[in-house]
Structures are given as C-alpha cells and as structure tokens.
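Asks: sharing a sequence plus its predicted fold:
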Amino acid sequence: MMLLPLCCTSSRKDSALQQPTVAQVLERHTRRLMSLRGVVGTAEGECAGQPCILVLVDRLTPTLRQSIPSEIENIPVEVRETGQIQPSESS
C-alpha cells in the first residue's frame with residue numbers, strides 16, 4: 001500500500017488569506033456609512049503611506065466621530081471634514 005503525503009501544494013489560492021481591496025470594502029460598506037447623518041461621501045485614499053478608506057463629512061461632531069469606526073475589515077478609516085459637497089456645473 002502506498003501512502004500519499006498529507007499536504008500537497010495547490011495552485012488554488014486560499015481566499016481566506018487574501019486581504020480585500022479598499023474598493024471591495026467600500027462597495028460593501030458605503031451604503032451604511034452614507035446613511036450616517038453628516039457623511040457626504042466615501043473614497044479610497046492613502047493615510048500614512050498606506051491604502052485607507054476616507055469618510056468625508058460635512059461637519060465632524062463628537063457623535064459622528066463615535067459612529068465611524070477607526071477601521072473596517074482591517075483597513076484604516078480616516079474622517080475628513082469637507083463641508084457640503086456640491087456637484088460642479090459643466091460649461
């Protein structure tokens with residue numbers, strides 16, 4: 001009887017080990033973030049040289065600060081006060 005090794009290499013990557021992209025995380029969480037009163041947008045950004053999620057707010061209040069997590073799915077979140085965001089008029 002021939003015994004096979006218990007572990008073998010596989011060409012299939014283990015999806016549990018792959019970190020989702022910022023875009024994928026934003027797609028899953030933007031609706032919830034935008035439902036918070038005062039949030040005017042979300043974006044992909046760079047914080048301290050690393051990819052991050054930007055949450056843009058009209059005015060940063062203590063309540064809003066507590067409602068926005070510091071990270072989502074292991075991706076850092078930075079809150080930026082921008083004021084109201086208005087669409088630009090095309091010429």
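Replies: Now that the structure is in, tell me what you want to look at.
Asks: and the residue lying closest to residue 50 once chain neighbours are set aside, what element?
Replies: Closest residue to residue 50 apart from its sequence neighbours, by CB to CB, 6 or more residues apart in numbering: residue 76 at 6.6 Å. Glycine gets a C-beta too; all of them are placed from N, C-alpha and C. For residue 76, the element it lies in under DSSP states H and E is strand 75-81.
Asks: just give me the longest helix of this protein.
Replies: Ordering each helix of the chain by length in residues (DSSP state H) puts helix 22-34 first.
Asks: okay, buried residues for stretch 60-74 please.
Replies: 64, 68, 72 (16 or more other CB atoms under 10 Å).
Asks: any buried residues in stretch 45-52, and which?
Replies: Under 16+ other CB under 10 Å, the buried positions of stretch 45-52 are 45, 52.
Asks: and it, how far apart are its ends?
Replies: End-to-end distance for stretch 45-52: 5 Å, by CA to CA, to the nearest Å.
Asks: circling back: buried set for the longest helix of the chain?
Replies: 22, 25-26, 29-30, 33.
Asks: nearest to residue 49, of those residues?
Replies: residue 22 (13.9 Å; CB to CB).
Asks: who are the contact partners of the closest one?
Replies: Going by CB atoms under 8 Å, 6 or more residues apart in numbering, residue 22 touches 44, 51-53, 75.
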